[in-house]
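A.B. asks: Dropping a prediction and its sequence here:
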Amino acid sequence: MIIKYPIHLFLFLVNNMKILFFKTFISFLCCFVILVLLGCQNTNPDGRENVSGRILLNGQPLQGSARIVFDPLEGSQQDGGSGQIMSGNFLLTQQDGVKPGKYCVRIFATITYDKTTNLPATKETRDYNEYTMSIIPPEFNVNSDLEFEVIKGKKNVYNYNIVTSLKPIRINKSSLTH
């Protein structure tokens with residue numbers, strides 16, 4: 001196309017900009033539809049539910065290296081779940097949560113102490129100068145009879161206060177595999 005007058009140049013550019021805008025708009029629209037469709041996919045194909053709660057030890061938030069385990073009373077072990085307890089709180093999301101059903105709840109917690117001071121270990125405590133103590137009695141973990149039912153579509157909250165006079169029990173680091 002030969003452009004003789006400035007008006008022809010202007011019309012040529014406007015026409016090409018319309019085509020460019022239209023192509024850009026269609027591309028954006030296609031990307032948007034794809035993202036919406038991807039977002040609508042079922043991100044929880046297992047049907048797992050969120051479970052949250054607060055675990056206290058003698059009225060105080062559970063500290064140390066702590067974990068909660070939901071072992072199914074019926075069904076497959078794969079239906080259960082576990083998570084870390086931080087400052088007494090835990091949250092299992094649908095990805096690491098549990099399927100609806102009844103569970104045996106097990107709570108584990110340990111604290112590492114400094115052999116020199118017999119106080120909780122710090123970052124400065126050397127590896128060879130530590131020992132680990134279990135702070136939860138066996139009736140709340142290995143011998144637990146605590147139960148909780150996870151219900152589909154409900155807010156599943158498990159709060160528990162462990163009341164005990166147990167003094168921390170020294171354990172072997174190699175036995176901390178659970």
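C.D. replies: Nice, thanks for sending it over. Numbering: from 1, shown residues only.

A.B. asks: Report the contact partners of residue 90.
C.D. replies: Neighbouring residues of residue 90 by C-beta atoms under 8 Å, 6 or more residues apart in numbering: 51, 52, 53, 54, 55, 68, 83, 84. C-betas here are computed from N, CA, C, even on glycine.

A.B. asks: Go through the longest strand along the chain and flag the buried ones.
C.D. replies: Longest strand of the chain, by residue count under DSSP state E: strand 101-114. For strand 101-114, the buried set under the neighbour-count rule, 16 or more other C-beta atoms under 10 Å, comprises 101, 103, 105, 106, 107, 108, 109, 110, 111, 113, 114.

A.B. asks: coming back round to it: residue 156: which of the contacts of residue 90 is nearest?
C.D. replies: Set against residue 156, the nearest of the contacts of residue 90 by C-beta to C-beta is residue 51 (4.6 Å).

A.B. asks: Could you double-check that that closest one lies in contact with residue 156?
C.D. replies: Yes: here residue 51 reaches residue 156: they are 4.6 Å apart, a contact under C-beta atoms under 8 Å.

A.B. asks: Please identify which of these two sits among more neighbours.
C.D. replies: The neighbour count for residue 51 versus residue 156, taken as other C-beta atoms under 10 Å, is higher for residue 51 (25 against 20).

A.B. asks: mind checking how far that one is from residue 126?
C.D. replies: As judged by C-beta to C-beta, to the nearest Å, residue 51 and residue 126 stand 38 Å apart.
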